[in-house]
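Engineer: When you get a sec, could you give me coordinates for this:
(one chain, ligands or ions: 1)
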Amino acid sequence: MSRPVTIEALAALKRERTPIAMLTAYDATLARAVDAAGVDCILVGDSLGNVVQGRTTTVPVTVDDMAYHTACVRRGVERALVVADLPYLSYAGVDAAVESARRVMQAGAAMVKLEGGAPVLDAVRRLTEHGTPVCGHLGLTPQSVHQLSGYKVQGREAEARDRLRREARALEDAGASLLVLECVPSSLAAEIASSLSIPVIGIGAGVEVDGQVLVLHDALGLGGERVPRFVRDFMADSGTIPAALSAYVEAVRSRSFPGPAESYGD
Ligand code: KIV
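Structural biologist: Reported below is the predicted structural model:
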């Protein structure tokens with residue numbers, strides 16, 4: 001069995017400029033397949049609201065849902081670092097964040113992910129001071145879909161770009177170990193990744209970041225007809241799920257994913 005991936009190992013991948021491969025998973029069997037393909041991090045995403053529960057947003061997902069799926073994934077994983085999302089409004093306040101993080105960490109996560117910038121900094125500080133690793137999530141933050149008036153590219157105007165730069169820096173300073181940037185112009189994502197010392201994982205953020213993440217169902221061609229442009233169907237040229245997962249890891253490592261057509265300009 002190869003050694004479990006740690007935060008230090010992720011930081012070393014960034015220093016060596018080896019792209020980090022991350023995928024979501026929600027159950028033990030597919031988590032085992034994702035782990036076997038050599039993915040570094042498995043995200044138990046609250047996207048389970050969409051792809052497992054059939055909802056149109058992640059807003060209805062609960063801490064109970066996250067703890068259940070985190071425990072399922074944990075049983076399938078030997079190597080990858082397991083990150084669990086804290087769901088909608090379960091970290092709106094430091095005490096709430098601590099309690100929600102306790103639930104998913106005790107279910108088997110090694111890191112929690114939460115969305116947003118300035119409003120979550122106190123929670124990030126408290127969690128990390130008490131030994132709970134945190135992944136931030138900026139750009140398109142799906143839990144705020146109603147506030148954002150839809151799933152749209154973020155950071156196109158000068159003021160929004162500045163805010164993203166500031167919030168990324170503030171999350172690192174507050175103790176975050178990892179940052180997901182979703183649906184932002186590639187040039188901005190590249191600039192943020194090179195200015196931070198923590199790894200920046202992109203989804204719809206271009207290739208010049210420290211790694212990539214996709215929702216597993218999207219990577220397996222199950223995203224339906226209207227998938228975002230950053231999705232690539234790795235099943236299309238692979239006969240089996242294990243082959244598709246290996247193709248994803250190889251495409252991330254070689255920086256052949258995402259290509260320009262799968263990224264956003266300014
Ligand atoms: O919930 C999720 O799957 C996510 C990824 C899209 C980054 O947050």
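Engineer: hey, C-alpha coordinates of stretch 207-219 in CSV?
Structural biologist: Taking Å, rounded to 0.1, in the frame of the first residue of the first chain, the C-alpha atoms of stretch 207-219 are listed here in CSV:
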residue,chain,number,x,y,z
VAL,A,207,-4.4,25.0,-16.7
GLU,A,208,-1.9,27.4,-15.0
VAL,A,209,-2.9,26.5,-11.4
ASP,A,210,-1.6,23.8,-9.1
GLY,A,211,-4.1,21.1,-9.8
GLN,A,212,-7.6,20.3,-11.2
VAL,A,213,-10.9,19.0,-9.7
LEU,A,214,-14.0,17.7,-11.5
VAL,A,215,-17.3,16.2,-10.3
LEU,A,216,-16.8,12.5,-10.9
HIS,A,217,-20.1,12.1,-12.8
ASP,A,218,-19.1,14.8,-15.2
ALA,A,219,-15.7,13.2,-15.8
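Engineer: for the record, mean pLDDT for that stretch?
Structural biologist: Across stretch 207-219, pLDDT averages out at 98.
Engineer: From V134, how far out is A123?
Structural biologist: Using Cβ to Cβ, to the nearest Å, A123 is found at 8 Å from V134. Just so you know, the C-beta spots here come from the backbone N, C-alpha and C atoms, and that holds for glycine as well.
Engineer: Name the residues contacting each of these two.
Structural biologist: L114 (Cβ atoms under 8 Å, 6 or more residues apart in numbering).
Engineer: How about the residue in the stretch 1-150 of the chain that the ligand sits nearest to, nearest residue that isn't a chain neighbour?
Structural biologist: Nearest residue of the stretch 1-150 of the chain to the ligand: G45, at 2.3 Å (Cβ to the nearest ligand atom). In this structure, G45 finds its nearest non-sequential neighbour in T24, 4.2 Å apart by Cβ to Cβ, 6 or more residues apart in numbering.
Engineer: Going along the chain, name the helices of the stretch 101-250 of the chain.
Structural biologist: Here the stretch 101-250 of the chain has its helices, by DSSP state H, counting those that start in this stretch, at 121-129, 158-174, 186-195, 216-219, 241-253.
Engineer: So for the ligand, which of those helices sits nearest?
Structural biologist: Nearest of those to the ligand, taken as Cβ to the nearest ligand atom: helix 216-219 at 8.6 Å.
Engineer: contacts for the closest one?
Structural biologist: Contacts with helix 216-219, where a contact means Cβ under 8 Å, 6+ apart, come from 23-26, 30, 34, 51, 223, 227, 231-235, 244-245, 248.
Engineer: And the ligand, is that helix touching that?
Structural biologist: No: in terms of Cβ under 6 Å from any ligand atom, no part of helix 216-219 sits within range of the ligand; the closest distance is 8.6 Å.
Engineer: For that helix, which residues meet the burial criterion?
Structural biologist: L216, H217, D218, A219 (16 or more other Cβ atoms under 10 Å).
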